[in-house]
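K.L.:
Here is a sequence with its predicted model. Questions after.
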Amino acid sequence: MRNLLGFLLLIASLAAPGCATQTATNMNAATANANTAAGQAPTYTYEVVNTFPHDPAAYTQGLIFHDGALIESTGLEGRSTLRRVELQTGRVLQKADVPRFYFAEGMTLFGGKIYQLTWKAEKGFIYDPQTFQKTGEFTYTGEGWGLTHDADSLILSDGTNQIRFIDPDNYKVKRTISVLDEGRPLEEINELEYVRGEIFANIWHDDRIARIDPQTGRINGWVDMTGLLKPGEATDEEAVLNGIAYDEQGDRLFVTGKLWPKLFEIRLKQK
Ligand SMILES: [Ca+2]
């Protein structure tokens, strides 16, 4: 009987090569779809690897790691800056003040240039990453919130659930993705960081970071950052989690918040 069953299975597998694999793949896809439909994108939590000082007056709107230091864009009208910050001490090594009229927002470094958004002025600034001298400006429509880049595009969030991929040569929008959370638009997407093929995104007034698929806008997972700052360490109601930087060479991930006294190197853990 066992031999007969084995024989039949052998015939079945010969008759349909790859069938078993295909079924398994379909089942995985079905499970993934069911999870998405049920809103079960995996949740990650974090482990603090290092804690560093951060200027508690810095209204962090953009953060990157470059050439051994952090570069930060800070907001508020009359207080906006671009600054280079020493990781270990939080000391501001270099700073460019943004003209008073502008409220600086997201920032990234791409193709040897720093790009910095402003909130509502539909204008961005371009700087030399060594001297912080302003070398140009660019325009876009709507609000500017977060900025990062992949291999060939600037990636911009504007406070909605839309993320734009912009050609850095002519500032035209190449494509847009819509980010949905359990089928509903995920609004107020803020600071961005492109990390190993995903867009990591702060959500305004949310203690979670969304991990977004840059092709589809699908949420691949959430990182729950609850408890990173201890109660009382920042009291302003706008002192919210904002600022993600990835050190690609060292594979280190840094996060901070607006008006936070600390910046953290973290490691993700699946919950
Ligand atoms: Ca960033």
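P.N.:
That came through fine.
K.L.:
so where does the closest residue to residue 267 other than its chain neighbours fall, helix or strand?
P.N.:
Closest residue to residue 267 apart from its sequence neighbours, by Cβ to Cβ, 6 or more residues apart in numbering: residue 47 at 4.7 Å. Every residue, glycine included, has its C-beta placed from N, CA and C. Taking DSSP states H and E as the criterion, residue 47 maps to strand 43-53.
K.L.:
Could you look up the next helix or strand downstream of that strand?
P.N.:
strand 60-66.
K.L.:
That next one: which residues count as buried?
P.N.:
60-65 (16 or more other Cβ atoms under 10 Å).
K.L.:
Can you narrow these down to the ones near the ion?
P.N.:
residue 63 (Cβ under 5 Å from the ion).
K.L.:
I'd like the buried residues of strand 60-66 as TSV, with pLDDT appended.
P.N.:
Output for these, formatted as TSV (pLDDT from 0 to 100):
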residue	pLDDT
60	98
61	98
62	98
63	99
64	99
65	98
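K.L.:
Next, give me the two most distant ones among the buried residues of strand 60-66.
P.N.:
Based on Cβ to Cβ, the longest span within these runs between 61 and 65 and measures 15.9 Å.
K.L.:
all helices for the chain, in order.
P.N.:
Secondary structure of the chain (DSSP state H): helices at 2-15, 19-37.
K.L.:
What residues does the chain have near the ion?
P.N.:
Residues of the chain lying near the ion (Cβ under 5 Å from the ion): 63, 193, 244.
K.L.:
Can you tell me which of those is nearest the ion?
P.N.:
Relative to the ion, the closest of the residues of the chain next to the ion is residue 193; by Cβ to the ion it sits at 3.8 Å.
K.L.:
Thanks a lot, catch you later.
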